[in-house]
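>>> after the sequence you'll find the predicted model.
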Amino acid sequence: MTFTSLTGLLNTLSSLGLAAFVFSKRPRHSTNQAYLFFGLTVGLYSVGYFFWGLARGEAEGLFAFKILTSGIILINSAYLEFAFSLLGERQKRRWILWACHAANLYFVYATFSLQLFKSVAQKNIWGYWPVVENLFYIYFALWLGQFLYGLFNLYIGYKRTHGQPSTQIKYVFVSTLIGYFGGATNWLPWFNITLFPPHLNILVTAYVAVLAYAVVRHRLMDIEVVIKKTIVFAGIVAAAVSVIAFPFALIQAVIGKALGVPDPFILMALGIATAILIYRPVERVLVNITDKYLFQKKQEIKVILNRLSERVVTILDLKQIGKTVLSTLEETFRLESAMIFFRDRKSEKYRLLEYFGLQPNEFANSVKSFFEQSDISNFLLNHKPILALDHFDPQRVPSETKNWLGLAKARVCIPLMVDEDHKGLLVLGKKKSDQEFAQEETDYFPTIASQVSLAIQKALLVETVLEEREAKIKAEHVAERVRFARTIKHEQKNSLAGMESPARFLSMYHVPDLKKAFKENDEEWFVEICSKIDKVSQDICKGVDKVLDIAEASLGGMETVEQPFRKISFKVIWEDAKESSGVKGCDYESTMPDGFAVCVRYAPFERVLENLIINANDAMKDRDQRLIRLNCSYSEIDGKQVAYFEFRDNGPGISKEIHDKIFQQGFSTKPKPDDANLSATGYGQGLYVCKNNIENIHHGKIWVESELGEGAIFKFWIPMSGNG
């Protein structure tokens, strides 16, 4: 077997072995599936390389290169799939991936149809190499481009991420660079460059080794390998074989011939004694090695947990406390699962604050429910010392609690207490290394428990203060709004009283004039006086409706003014709203069906249009041309016949983040007024009134669709029936 074929065999076994291992750990995960594809293509290439190393003629060399080249071509497809799956961009790049796959499949076909090369020839002393056709140069350019494109995106992903994901991408970047560089040295003879032997193909195995290290050390592809005991056991066996088997075989084979063969039972006794002597030293060495390179060293645990204690007391958010504690403990002890319960001060029940390793969510919730609905919580919370099941008599645990501990994958339960008051429970699962929690590790738990308990208590106190403050502000806000509404209502009633004089003027002067014109048979004067009376009467009625509507909206709908629904020409309402708004210098465009009519309460509905016009004009104040466009139509929504409206302006638009807020009473993007009691302004009332009048009075719906820089579109509809 040549060095070349041996290299191919080694590359095949290593790449296929790692691919099978990765796939077996998470067979349904897309990244692991992509890596299986990658490993298989590297294996196909390596198998071809193996057969090429054994080729003794042109026919065998040509056959080997067909397999080898097919593997090289497909490696790029698998490499891109794996890289973008790892980066979480596979869906985003799917069209590029499909284009690369299609091109690569064509070149596989070209390989077997002898379009890339038709024959092989002896080049230097390194065996048979293809005699390439013109199509090969096109393929090589595509091969190189695909490789560089994937490498570039891995580099960008590495720069954009932080922490463990960044480290994982770095190892994939470095390992694939090593593997591709080693494999790429085989391209030289294709271009008739025979100065350097293509022996760096062994770097493919180096690529596998680097990637395997990333899997073990940095949980690449979310694989956690339980290998510590395996390594220790295998190391001890290897040491026993090296120290015992070989020397005693030598004794029996060499020394035995000179001095006579010793009794086999004596050799067995010597071997057992030697194994006993070397077991502990070898175990200590291997444990220290695995602790150093694969698992957290014990002296580092103290530093990390002390750092956690210092950090967690500065966090005031409950959720963040849970995440910080569990993520630190997971990394420190390499836990499979953990959870934190805390006691809700309002319900006096224990709530699941944070957890990991319990999937799916329904399973975690079932753990929580089981905890609450039984005497389990009483046992665990009344058992004030830390319950470490690795050092606890299982007979002392009630059967129901045992069941819950099994369901929760628990190995350690740590009560969280402050001054004999239970704040919660910290539950740790087993280690991924299958090791028990050592006594020196559990000695750190009381410190962690006290710090976490204090942090939870402080966060709960802060939460209580914030809730009380929010409730106080809300109460003050509501009280201020009520006072404001009452002030407006009082002022509007005064305005209504001021309308009494014009009404009496009509009665005292216009009516007598009307009678006089009638008696004198002055028809022209009679018609003129009637028109004046009609206009003044309509203005007074509309003013009354508007004042009552404002008062109702200001009180948040606490006083409902019942007005009848009437079928009215929308064009009349629209023109009245434009006039009532007092807006000047604004252009209007409107489209509506012929005879378009709506069934509404006139004053509230006209108020909606008026407020929208005023708001739009304010928004467009910096525009050279202010334009309002209104589109109206009949439509069917939720099985109802409705009148549908779209009100547009060409202002600066409204940020999506505040779409739901702009209809709240008191919310406004305008500068806040200086008057603290708001009695001098309608600040934050206009759109609230619109929503109230459309949805509560007319049983319709109003919403906004807008983006910054593109103007605002207010859409609303009301039922044609009038009562929803």
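Nice, thanks for sending it over.
>>> just the pLDDT at the spatially closest residue to residue 203 that is not a sequence neighbour, thanks.
Leaving out its chain neighbours, the residue that sits closest to residue 203 by Cβ to Cβ, 6 or more residues apart in numbering is residue 182, at 2.5 Å. C-beta here means a position set from N, CA and C on the backbone, and glycine is covered the same way. With respect to pLDDT, residue 182 scores 79.
>>> now do residue 641
As predicted, residue 641 sits at a pLDDT of 91.
>>> hmm, it is touching residue 634, no?
Yes: using Cβ atoms under 8 Å, residue 641 makes contact with residue 634 at a distance of 6.9 Å.
>>> what touches both of those two?
residue 720 (Cβ atoms under 8 Å, 6 or more residues apart in numbering).
>>> thought residue 112 was touching residue 66, still the case?
Yes: proximity of residue 66 to residue 112 meets the contact threshold set by Cβ under 8 Å, at 5.8 Å.
>>> quick one, which of those two is more surrounded?
Neighbours per residue, other Cβ atoms under 10 Å: of residue 66 and residue 112, the larger number sits with residue 66, 19 against 12.
>>> tally of neighbours for residue 648?
With other Cβ under 10 Å as criterion, residue 648 counts 19.
>>> for it, list each beta-bridge partner.
Applying DSSP bridges to residue 648 gives these bridge partners: residue 629, residue 713.
>>> if I look at it, how far off is residue 630?
Taking Cβ to Cβ, to the nearest Å as the measure, residue 648 falls 8 Å from residue 630.
>>> what does residue 406 give?
For residue 406, the distance to residue 630 - Cβ to Cβ - is 67 Å.
>>> try residue 531
30 Å.
>>> and the helix or strand containing residue 61, how far from the chain's centre?
Counting by DSSP states H and E, the element that carries residue 61 is helix 58-87. Computed by Cα atoms, centre = their mean, to the nearest Å, the separation of helix 58-87 from the middle of its chain amounts to 35 Å.
>>> quick one: mean pLDDT for the next helix or strand after it?
Toward the C-terminus, helix 58-87 is succeeded by helix 94-112 as the next helix or strand (DSSP H and E). Averaged across helix 94-112, pLDDT comes to 91.
>>> residue 531 and residue 630: which is more packed in?
Taking other Cβ under 10 Å, residue 531 and residue 630 do not tie; residue 630 has more neighbours (20 against 10).
>>> relative to residue 585, how far out is the more buried one?
Residue 630 sits 18 Å away from residue 585, going by Cβ to Cβ.
>>> distance check, residue 536 against residue 454.
Counting by Cβ to Cβ - residue 536 and residue 454 are separated by 75 Å.
>>> next: residue 709.
In this view, residue 709 and residue 454 are 49 Å apart by Cβ to Cβ.
>>> neighbour count for those two, which is higher?
Of the pair residue 709 and residue 454, residue 454 is the one with more neighbours under other Cβ under 10 Å, namely 16 against 8.
>>> thought that one was touching residue 417?
No: contact criterion Cβ under 8 Å: residue 454 and residue 417 do not qualify, at 10.1 Å.
>>> tell me which stretches of the stretch 551-700 of the chain form helices.
570-581, 602-619, 686-691 (DSSP state H, counting those that start in this stretch).
>>> output the ones you listed in CSV; the columns should cover mean pLDDT, mean neighbour count and distance to residue 152.
Output for the helices of the stretch 551-700 of the chain, formatted as CSV (pLDDT from 0 to 100; neighbours: other Cβ atoms under 10 Å; distance: least, Cβ to Cβ, whole Å):
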stretch, mean pLDDT, mean neighbour count, distance to residue 152
helix 570-581, 87, 17, 58
helix 602-619, 89, 22, 45
helix 686-691, 84, 22, 49
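>>> report the central residue of the protein.
residue 88 (11.8 Å; Cα atoms, centre = their mean).
>>> how about residue 662: what's its closest non-neighbour residue?
residue 687 (5.3 Å).
>>> residue 92 now?
residue 84 (7.8 Å).
>>> please identify the helix or strand for the residue nearest to residue 700 when sequence neighbours are not counted.
Nearest residue to residue 700, sequence neighbours excluded (Cβ to Cβ, 6+ apart): residue 718, at 3.8 Å. According to DSSP H and E, residue 718 maps onto strand 712-719.
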